[in-house]
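Q: fold the following and give me the result.
(one chain, ligands or ions: 2)
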Amino acid sequence: MSGAPKVHIRSFGCQMNVYDSHRMADTLAGEGYTETATPGEADLIILNTCHIREKAAEKVFSELGRVRRLKEEAARAGRSVTLAVAGCVAQAEGAEIIRRAPAVDLVVGPQSYQRLPTLLRRVAREGALVDTEFPVEDKFDQLTAPSPQATRARGVAAFVTVQEGCDKFCTFCVVPYTRGAELSRPVAKIVAEVERLADAGVREVTLIGQNVNAYHGEGPTGEAWTLGRLLQRVAEIPGIARLRYTTSHPGDMEDSLIAAHRELPGLMPQLHLPVQSGSDRVLAAMNRRHTRTDYLRIIERLRHVRPDMAFSSDFIVGFPTETEADFAATLSLVEEVGFASAFSFKYSPRPGTPAADMEEQVSDAVRHERLLRLQRAIDRQQAVFNARCLGRSFEVLFERAGRYPGQLVGRSPYLQTVQVEGERVPDVAIGDIARVTVTQLSPNSLFGTLADAPSA
Ligand code: SAM
Ligand code: SF4
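A: Ligands and ions are numbered 1, 2, ... in the order given. Down below sits the predicted model:
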């Protein structure tokens, strides 16, 4: 194949991986690579993987089987393809990946992406290699920033990593092992990155981190800033109309963050706040460091400062030792809060985590049955939340064209997808924020018409 080399990056799992994949693409762009959405035409294929549950990790190995066949086909056509595995599976399994999937040329952990160009040159010279070090240099300093064109192609809503890693050590979770200790980026670096995004047309920024509200990055005069203070600063950047942050730990919902929800109109009234369980006994066994009452108190405080706040959460069912009474406590917490949406997972034992060695594991049949019951309760609440939006008007940020001509798709303040049609749609451009009246519902989105002229 002639011309610039092509890279195809496939992201699994969380938003942190989406952000990292963009940074890898930007860094490789500096080496002459262009991105392709078609794996069959790529010279370099990177799978950016997730290790959070067994199913996620196993998906990577089935995907590797497919990619191996592409690599073999390319070789028959006289073309060489490099195959890299990045992300948390790379960090957790290291050389074992190459043993199970010998077609893999490079295994690279999340802390080493800044070294990708060097690592690829070494692979070309020396053959397969593994880099899962936690280096001393700051990877964010060395990863290339996106070009304005790349930013525009990715849309008007962007993620910015402000914090990485986790020191909480919940007993079920691999993140502290795969992403390492908590690390916050300095305020000045984050502000510069958001300013660049705003200059390229981004209107909404989501500050992300495995434990984003534990943020304690260095401020301009050397003292540590909280996430609340960082949000206040980012809200001042011209062009940025909307802010969000994710994922938060209930134990780190400190006062300045709650105050930011009262003081910043651009901070959207939607929060993803994982609780995992409604039972204090299970929360203690999970080492969550908060109680059910603590969680409900935070919800109450946030609703006090922002009455229209919508909440989403994560739940794990069938954690070791979970009884029917513990599970009933989770269902009652759901009823008490009234979530706008939520993710729920069957507990998945992860090698090396304390919970995997706990004796009283819950059977798969029970985990499955509890998951269905919880999902039914959450679906009911989501339907109630969406139904309450019918007939209401709120501002929508338009992100892309719809599937049909004359249709635009955007996001509500509460993170719902909103599809808009009607004769006034041509007056609105991608990146505009306009008031929409909701006229119809489907299980996954809202439909509406423009209520008045686009706001600035
Ligand atoms: N840092 C966030 C927090 O404190 O909740 C979440 C991080 S984790 C990437 C996302 C979600 O995956 C968790 O909230 C939890 O519900 C789920 N999860 C993590 N480990 C799990 C496991 N071993 N089995 C099932 N679900 C798990
Ligand atoms: Fe995992 Fe979140 Fe607990 Fe950290 S706080 S160990 S990322 S679940």
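Q: for whichever strand or helix holds residue 196, name the packing helices and strands.
A: Taking DSSP states H and E as the definition, one finds residue 196 inside helix 187-199. Helix 187-199 sits against helix 148-154, strand 157-161, strand 204-208, helix 227-235, with contacts defined as 3 or more C-beta pairs under 8 Å, 6 or more residues apart in numbering; DSSP states H and E. Every residue, glycine included, has its C-beta placed from N, CA and C.
Q: and the angle from that helix to strand 157-161?
A: Orientation check (axes from the mean of the first three to the mean of the last three C-alpha atoms, to 10 degrees): helix 187-199 against strand 157-161 gives 160 degrees.
Q: and the nearest residue to residue 174 once chain neighbours are set aside, helix, strand or coil?
A: Take residue 174 and drop its neighbours on the chain: the residue closest to it by C-beta to C-beta, 6 or more residues apart in numbering is residue 350, 4.8 Å away. State at residue 350, reduced to three classes by DSSP: H, G, I helix; E, B strand; the rest coil: coil.
Q: do residue 331 as well
A: Residue 331 is classified as helix under three-state DSSP.
Q: how about the closest residue to it other than its chain neighbours, what does it touch?
A: Among residues not flanking residue 331 along the chain, residue 377 sits closest, at 5.8 Å (C-beta to C-beta, 6+ apart). By C-beta atoms under 8 Å, 6 or more residues apart in numbering, the residues touching residue 377 are 331, 334-335.
Q: could you dump those residues to TSV with neighbour count?
A: Converted to TSV, the contacts of residue 377 look like this (neighbours: other C-beta atoms under 10 Å):
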residue	neighbour count
331	17
334	21
335	12
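Q: and which of these is nearest to ligand 1?
A: residue 334 (14.0 Å; C-beta to the nearest ligand atom).
Q: wait, the closest one touches residue 373, no?
A: No - the criterion here is C-beta atoms under 8 Å, and residue 334 misses it with residue 373 at 10.3 Å.
Q: then stretch 323-331 to PDB, C-alphas only?
A: Only the C-alpha atoms of stretch 323-331 are listed here, as PDB (Å, rounded to 0.1, in the frame of the first residue of the first chain):
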ATOM      1  CA  THR A 323     -28.300 -11.800  50.800                       C
ATOM      2  CA  GLU A 324     -31.800 -11.300  49.600                       C
ATOM      3  CA  ALA A 325     -32.200  -8.700  52.400                       C
ATOM      4  CA  ASP A 326     -29.100  -6.800  51.100                       C
ATOM      5  CA  PHE A 327     -30.500  -6.800  47.600                       C
ATOM      6  CA  ALA A 328     -33.900  -5.600  48.800                       C
ATOM      7  CA  ALA A 329     -32.000  -2.700  50.400                       C
ATOM      8  CA  THR A 330     -30.500  -1.900  46.900                       C
ATOM      9  CA  LEU A 331     -34.000  -1.900  45.400                       C
END
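Q: list the buried residues of that stretch.
A: 326-327, 329-331 (16 or more other C-beta atoms under 10 Å).
Q: and what of stretch 85-102?
A: For stretch 85-102, using 16+ other C-beta under 10 Å, the buried residues are 85-94, 97-98, 101.
Q: what's that stretch in contact with?
A: 12-13, 17, 20, 24, 46-52, 57, 60-61, 64-65, 68, 104, 106-111, 113, 128, 130, 132, 174-175, 177-179, 352.
Q: among the buried residues of stretch 85-102, which lie within strands?
A: In strands, defined here by DSSP state E, the members of the buried residues of stretch 85-102 are 85-86.
Q: between the buried residues of stretch 85-102, which is closest to ligand 2?
A: residue 88 (10.9 Å).
Q: look up how far ligand 1 lies from the closest one.
A: 9 Å (C-beta to the nearest ligand atom, to the nearest Å).
Q: try residue 22
A: In terms of C-beta to the nearest ligand atom, residue 22 sits 19 Å off from ligand 1.
Q: what residues are up against that residue?
A: By C-beta under 8 Å, 6+ apart, the contact list for residue 22 reads 146, 150, 154.
Q: so which helix or strand takes in it?
A: helix 15-29.
Q: now that helix: how far from the chain's centre is it?
A: 13 Å (C-alpha atoms, centre = their mean, to the nearest Å).
Q: right, and the helix or strand after it?
A: Trace forward from helix 15-29 with DSSP H and E and the next one is strand 34-35.
Q: and for the helix or strand following that next one, what's in contact with it?
A: Sequence-wise, the next helix or strand downstream of strand 34-35 (DSSP H and E) is strand 44-49. Strand 44-49 is contacted from outside by 5-13, 17, 20-21, 24, 28, 33, 39, 56-57, 60, 63-64, 67, 70-71, 81-90, 120, using C-beta under 8 Å, 6+ apart.
Q: ok, residue 387 touching residue 443?
A: No - in this structure residue 387 lies outside contact range of residue 443 using C-beta under 8 Å: 11.4 Å.
Q: so the helix holding residue 22, near ligand 2 or not?
A: No - shown here: helix 15-29 not in contact with ligand 2 (C-beta under 6 Å from any ligand atom), separated by at least 10.2 Å.
Q: that helix: which residues count as buried?
A: So helix 15-29, judged by 16+ other C-beta under 10 Å, has buried residues 16-29.
Q: go on, stretch 215-233?
A: Buried residues in stretch 215-233 (16+ other C-beta under 10 Å): 215-217, 219, 225-233.
Q: just stretch 107-127 next, same as before
A: Residues of stretch 107-127 classed as buried: 107-116, 119-120, 123 (neighbour count, 16+ other C-beta under 10 Å).
Q: swap in stretch 241-249?
A: 241-249.
Q: what's the answer for stretch 387-405, then?
A: Buried residues in stretch 387-405 (16+ other C-beta under 10 Å): 389, 394-399.
Q: pLDDT averaged over it, what's the number?
A: Mean per-residue pLDDT for stretch 387-405: 95.
Q: same question for stretch 40-57.
A: Computed over stretch 40-57, the average pLDDT equals 94.
Q: ok, residue 11 to residue 46 distance?
A: 9 Å (C-beta to C-beta, to the nearest Å).
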